[in-house]
Structure formats: C-alpha cells, structure tokens
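Enquirer: what would the 3D arrangement of this be:
(one chain, ligands or ions: 1)
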Amino acid sequence: MLTPCLPAEIERVLVTEAEIAAAVDELADRLSRDYAGRHPVMVGALTGAVVFLADLMRRLDFPLTVDTVAVSSYGGGHETSGELSWGKALSTDVRGRAVVIVEDIVDSGLTLARLRAALTEAGAADVAVCALLSKPARRQVDVPVEYVGLEIPDEFVVGYGLDYAQRWRNLPFVGVLRREVYA
Ligand code: IMP
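Expert: Have a look, this model is predicted:
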C-alpha cells in the first residue's frame with residue numbers, strides 16, 4: 001500500500017493503517033467472545049469515533065444495536081474544559097440492556113466518566129467502554145476502560161476520526177499534530 005502524503009502540520013505517523021486494523025481485529029475478537037448472544041447497544045461517541053465504529057461494527061457478526069451520542073468536554077481547541085455538553089442524546093431505550101461505549105480516545109477520562117454515569121442512570125444493565133486509543137499519562141479520573149486498542153504517549157493526535165478544530169479526521173492513520181499548530 002502506498003504511504004499517503006503527510007500534511008505539513010503532521011509531525012509524524014504514530015499509528016499506521018495496518019496497526020489500526022490489527023488493533024480493531026483484536027478488539028472485535030474480544031467483544032465477540034464477551035457479547036455474542038447478549039444483543040448489546042454499541043454507543044458511538046460522535047464525532048471522533050465514527051471511523052472506528054464503522055470499522056469495528058463490521059467485524060462483529062452477532063446481533064447488536066448501534067446508536068450515537070454527541071458529548072464533549074472540549075471546545076474548539078485541545079485542552080479539556082471539564083464541562084460535559086450534550087449535542088445529541090441517545091435514541092435507544094437502554095433500560096436492561098448491555099451497553100458498550102465506543103470511543104476514539106480516552107484522555108483525561110472526564111468525558112467518559114460522565115457518559116458512563118449517564119448511561120447507568122438511563123438504566124443500562126451494564127456499561128463497558130471500548131476505546132481505540134488511550135493516553136494513560138493524561139488521566140485525571142480513575143474510569144474503567146475495559147477494551148483498549150492501543151496505549152499512546154502524551155501527544156496530541158489527529159486522524160482516523162480524531163480532529164483538531166474539525167480538521168484531519170479523514171487521515172487514514174493516526175498522526176502527531178505539530179505543537180505550533182495549537183500552542
Ligand atoms: P477526555 O474527556 O479528556 O478523556 O477527552 C476525550 C475526548 O477528547 C475524545 O473523545 C476526543 O474527542 C478528545 N481528545 C482527547 N485527546 C485527543 C487528541 O489527542 N486528539 C484529538 N482529540 C482528542
């Protein structure tokens with residue numbers, strides 16, 4: 001496969017397309033073992049998780065429901081505000097259902113901790129989290145993440161759904177954004 005041209009703002013590729021595909025396969029295998037026969041609700045966190053959700057769900061061959069929520073603790077920039085704002089609520093009644101939150105990346109964990117609590121409050125029988133990426137060095141709250149694709153260092157990354165100010169979501173790999181772009 002040809003290596004796509006690196007945009008000038010991207011310092012380097014951190015996770016290649018092949019590494020992403022291998023991580024998604026591994027997560028799908030684990031989810032298939034744990035959720036086959038349970039008809040879970042897979043809740044994708046918009047917008048960052050759309051690419052991951054699309055790839056992941058096509059590797060799951062058991063009955064499931066797909067829904068999305070838009071929650072954010074970020075503004076246009078790269079630092080968390082700590083405030084959870086809702087852009088789109090759940091469309092599915094999760095009462096009594098197994099729920100898997102599908103996240104692009106867990107950073108401080110604040111967004112996720114609040115989303116987990118909201119889904120439990122909505123009556124989910126159990127809630128688990130499947131995140132493609134995790135930055136453990138940035139964690140501010142001790143929130144469980146049951147399924148992690150790859151742990152990455154404390155760098156601001158874009159691509160494969162992840163953005164900075166709505167750009168670079170369409171890169172097929174995960175790349176480190178040059179600090180001067182957001183500093
Ligand atoms: P948390 O609440 O700090 O864990 O933030 C989670 C959300 O922040 C993710 O779902 C992303 O949308 C965004 N985020 C965190 N780190 C990055 C990054 O390195 N690049 C792009 N978005 C990020």
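
Enquirer: ok, residues contacting stretch 174-183?
Expert: By CB atoms under 8 Å, 6 or more residues apart in numbering, the residues outside stretch 174-183 that reach it are 6, 9-15, 20, 77-78, 133, 152, 155-160, 162, 164, 168. C-beta: built from backbone N, CA, C; applies to glycine.

Enquirer: ok, it near the ligand or not?
Expert: No - using CB under 6 Å from any ligand atom, stretch 174-183 stays clear of the ligand, coming no nearer than 7.4 Å.

Enquirer: ends of that stretch, what's the gap?
Expert: End-to-end distance of stretch 174-183: 20 Å, with CA to CA, to the nearest Å as the criterion.

Enquirer: mind listing what's buried in it?
Expert: Within stretch 174-183, the residues scored as buried using 16 or more other CB atoms under 10 Å are 174-177, 181.

Enquirer: worst-scoring helix or strand of the chain, pLDDT-wise?
Expert: None of the helices or strands of the chain scores lower by mean pLDDT, DSSP states H and E than strand 80-88, at a mean of 71.

Enquirer: and the chain, which of its residues are near the ligand?
Expert: Residues of the chain found near the ligand (CB under 6 Å from any ligand atom) are 45, 48, 73-74, 80, 103-112, 156-158, 162.

Enquirer: which residues in the chain form helices?
Expert: Ranges of helices within the chain are 17-35, 50-57, 110-121, 179-182, based on DSSP state H.

Enquirer: including mean pLDDT, could the ones you listed go into JSON lines?
Expert: Listed next are the helices of the chain as JSON lines, based on pLDDT from 0 to 100:
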{"stretch": "helix 17-35", "mean pLDDT": "98"}
{"stretch": "helix 50-57", "mean pLDDT": "98"}
{"stretch": "helix 110-121", "mean pLDDT": "93"}
{"stretch": "helix 179-182", "mean pLDDT": "95"}
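
Enquirer: out of those, which one sits most buried?
Expert: Counting by mean count of other CB atoms under 10 Å, helix 50-57 has the highest mean neighbour count of the helices of the chain, with a mean of 20.

Enquirer: can you give me the angle that helix makes with helix 17-35?
Expert: Helix 50-57 and helix 17-35 are oriented at 50 degrees to each other (axes from the mean of the first three to the mean of the last three CA atoms, to 10 degrees).

Enquirer: which residues touch helix 50-57?
Expert: Contacting residues not belonging to helix 50-57 are listed as 20-21, 24, 27-28, 31, 42, 44, 64, 66, 68, 102, 104, 130, 132, 160-161, 169 [CB under 8 Å, 6+ apart].

Enquirer: repeat the analysis, applying 10 Å as the threshold.
Expert: 20-21, 23-25, 27-28, 31, 42-46, 49, 64, 66, 68, 100, 102-105, 130-133, 147, 149, 159-162, 169-172 (CB atoms under 10 Å, 6 or more residues apart in numbering).
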